[in-house]
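Asker: Have a look; sequence and predicted model below, questions after that.
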Amino acid sequence: MKKLIGLALFVLIAISSFAQVKIHSHNDYTHAQPLLEAYSNQVYEIEADIFLINDSLIVAHSKKDKNLTRTLSSMYLSPIAQLQKDKSTKYGFRLMIDIKDNWDLTYPALRKEIEKYETVFDRSKNKNAIQIVISGNRPADSTFRTYPKWLFFDGLPNISYAKEDLKRITMISDNFVTYSRWGGNGEIATEDKDKLKTVIENAHKLNKPIRFWGAPDTKECWQQLHDLGADIINTDKISECKTYFEQHK
């Protein structure tokens, strides 16, 4: 009996550890199947960069590669609303919207688009709603609390957020290169590990998960960041990353 209990505890711990590996679909709109690949793999978060062009919210990495048919609504908001109608497959992920233009100009257009979908993006009204998280050009952190209940923000390290504004932050994100120039293969320097551990621990003191963007997109780096305590793995290789962690529970 004791052996069975011990085995059960081991399995439970292993499952719990795997459950903590969250995948962030970096620049999801550049993937072969935007939204759908990420959704089918049940990632934690999907990222889309937007520009305000002629009163439309256009999904693009830069204005040079803009395509006016690739709107935020057509690529993400409307398809997500349709997916949410299918009760057999829906789950509550996050849509990170990286604002590439001026916040004050972009926000009114964004609010107008989001609020067309009512409860689809509002967890105060629907527990399975898709949470909207703002990154990139954000308003002053002291104003986070003043925005609609459906709007949340990507946090930054080394900022002393007021309690009410901190409630609107879903995670802490930072540039990996700030702490290490490691290429993602072989051994990472102990000094770099210590730097990463410090920022991870500081995020956890705020009870927030942490994500590093700009990190090498390799299996070695995914594992290293996970071992150091990073909660969210930033990747362009969604399926490969998910499979890797499934095989390394």
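Answerer: Yep, it's here. Numbers count the residues shown, from 1 in each chain.

Asker: dump the residue contacts of the spatially most central residue of the chain.
Answerer: The chain has Glu45 as the residue nearest its centroid, 3.9 Å off, counting by Cα atoms, centre = their mean. By Cβ atoms under 8 Å, 6 or more residues apart in numbering, the contact set of Glu45 is 22-25, 93-96, 133, 232. Where C-beta positions appear, they are placed from N, C-alpha and C, glycine not excepted.

Asker: And for Met96?
Answerer: Under the criterion of Cβ under 8 Å, 6+ apart, the contact list for Met96 reads 24, 45-48, 133-135, 154.

Asker: Could you say which helix or strand holds it?
Answerer: Taking DSSP states H and E as the criterion, Met96 maps to strand 94-99.

Asker: Would you mark the buried spots in whatever helix or strand comes next after that strand?
Answerer: Next in sequence after strand 94-99, counting helices and strands by DSSP H and E, comes helix 103-114. Going by neighbour count (16 or more other Cβ atoms under 10 Å), the buried part of helix 103-114 is 106-107, 109-110, 113-114.

Asker: Going along the chain, name the helices of the protein.
Answerer: Secondary structure of the chain by DSSP state H: the helices cover 2-19, 36-40, 72, 78-84, 103-114, 163-166, 190-205, 219-228, 238-247.

Asker: export the fifth one as CSV, just CAs?
Answerer: I take that to be helix 103-114. What follows is helix 103-114, C-alpha atoms only, in CSV (Å, rounded to 0.1, in the frame of the first residue of the first chain):
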residue,chain,number,x,y,z
TRP,A,103,-1.2,54.0,-27.1
ASP,A,104,-3.5,57.0,-26.8
LEU,A,105,-4.4,56.8,-30.5
THR,A,106,-4.6,53.0,-30.7
TYR,A,107,-6.6,52.3,-27.5
PRO,A,108,-9.9,53.8,-28.6
ALA,A,109,-9.9,51.7,-31.8
LEU,A,110,-8.9,48.6,-29.8
ARG,A,111,-11.6,49.1,-27.2
LYS,A,112,-14.3,49.6,-29.9
GLU,A,113,-13.3,46.3,-31.5
ILE,A,114,-13.0,44.2,-28.3
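
Asker: for that helix, packing partners?
Answerer: Under the contact criterion of 3 or more Cβ pairs under 8 Å, 6 or more residues apart in numbering; DSSP states H and E, helix 103-114 touches strand 45-53, strand 56-59, strand 94-99.

Asker: List of residues touching stretch 221-230?
Answerer: Residues outside stretch 221-230 that contact it (Cβ under 8 Å, 6+ apart): 21, 182, 184, 188, 193, 196-197, 200-201, 204, 210-212, 215, 233, 235, 241, 244-245, 248.

Asker: re earlier: rebuild the helices and strands packed on helix 103-114 as JSON lines, extending it with mean pLDDT and distance to Gln224.
Answerer: Below are these laid out as JSON lines (pLDDT from 0 to 100; distance: least, Cβ to Cβ, whole Å):
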{"stretch": "strand 45-53", "mean pLDDT": "97", "distance to Gln224": "20"}
{"stretch": "strand 56-59", "mean pLDDT": "97", "distance to Gln224": "31"}
{"stretch": "strand 94-99", "mean pLDDT": "98", "distance to Gln224": "23"}
